[in-house]
Structures are given as C-alpha cells and as structure tokens.
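3D model of this:
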Amino acid sequence: MIWIYEENRIYMLDEKGNVICEANLEKKDTRTVIINRIYVDPAYRNQGWADRTMHTVMEYIRKHQFSVIPVCPYAKAWMEKKNL
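Coordinates of the predicted model:
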C-alpha cells in the first residue's frame with residue numbers, strides 16, 4: 001500500500017480500493033497548511049494508522065517548508081505530544 005497525494009488530501013487505500021486513512025488539508029496561503037481532519041476507517045482503528053497518517057502529513061509539510069495549523073483535535077493533540 002502506498003500513500004496517495006492529492007490537492008488538499010493525503011490518503012491510503014486497501015487492496016479493495018477502500019480508504020484506510022486520510023488527512024484533509026487546506027492551504028491557508030502559500031506558506032501555511034491547515035490540518036482539518038484525520039480519518040481512519042473503523043475497521044483499521046487502534047492499529048496505529050492515525051499516527052502513521054500524521055507522520056506522513058508532517059513529512060509532506062517539512063518537505064514543502066510549510067507552517068502548520070492543526071484544527072483537527074487528533075492532529076493538535078498529536079503535535080502537542082510530539083512537542084511540535
């Protein structure tokens with residue numbers, strides 16, 4: 001399985017084409033990304049997928065040198081826990 005990057009969305013599909021997890025992003029301006037939502041399909045919850053999603057999102061944000069605003073409660077808590 002691989003991560004799929006689209007405008008305002010990073011996600012992964014299972015072998016049947018169903019969404020395992022996704023991050024919904026919004027570009028506030030040319031330098032800032034808002035994390036609006038982290039979603040994990042109920043069948044995949046409690047298996048570390050939200051954490052993997054956040055790691056992938058943060059790699060994307062660092063690669064593009066964006067600032068980040070976590071609106072999603074999970075993203076905000078995750079970033080606070082990681083001291084980001």
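
Please enumerate the strands of the protein.
3-6, 9-13, 19-29, 32-40, 67-70 (DSSP state E).

so which of the ones you listed comes closest to residue 80?
Closest of the strands of the chain to residue 80 is strand 67-70, at 8.6 Å (criterion: C-beta to C-beta). Where you see a C-beta, it was placed from the backbone N, CA and C, and this is true even at glycine.

who does the closest one touch, helix- and strand-wise?
strand 32-40, helix 73-81 (3 or more C-beta pairs under 8 Å, 6 or more residues apart in numbering; DSSP states H and E).

make it 10 Å
strand 19-29, strand 32-40, helix 49-63, helix 73-81 (3 or more C-beta pairs under 10 Å, 6 or more residues apart in numbering; DSSP states H and E).

strand partners of the first one, parallel vs antiparallel please.
The sheet places strand 19-29 alongside strand 9-13 (antiparallel), strand 32-40 (antiparallel), with pairing taken from DSSP bridges.

average pLDDT for that strand?
The average of the pLDDT scores along strand 19-29 is 97.

Check the second one too.
When pLDDT is averaged over strand 32-40, the result is 98.

Can you tell me the closest non-neighbouring residue to residue 52?
residue 21 (7.2 Å; C-beta to C-beta, 6 or more residues apart in numbering).

Ok, residue 70 next?
Nearest one to residue 70, counting by C-beta to C-beta, 6+ apart, is residue 76 at 4.1 Å.

Likewise for residue 12?
In space, residue 12 is closest to residue 20, 4.7 Å off (C-beta to C-beta, 6+ apart).
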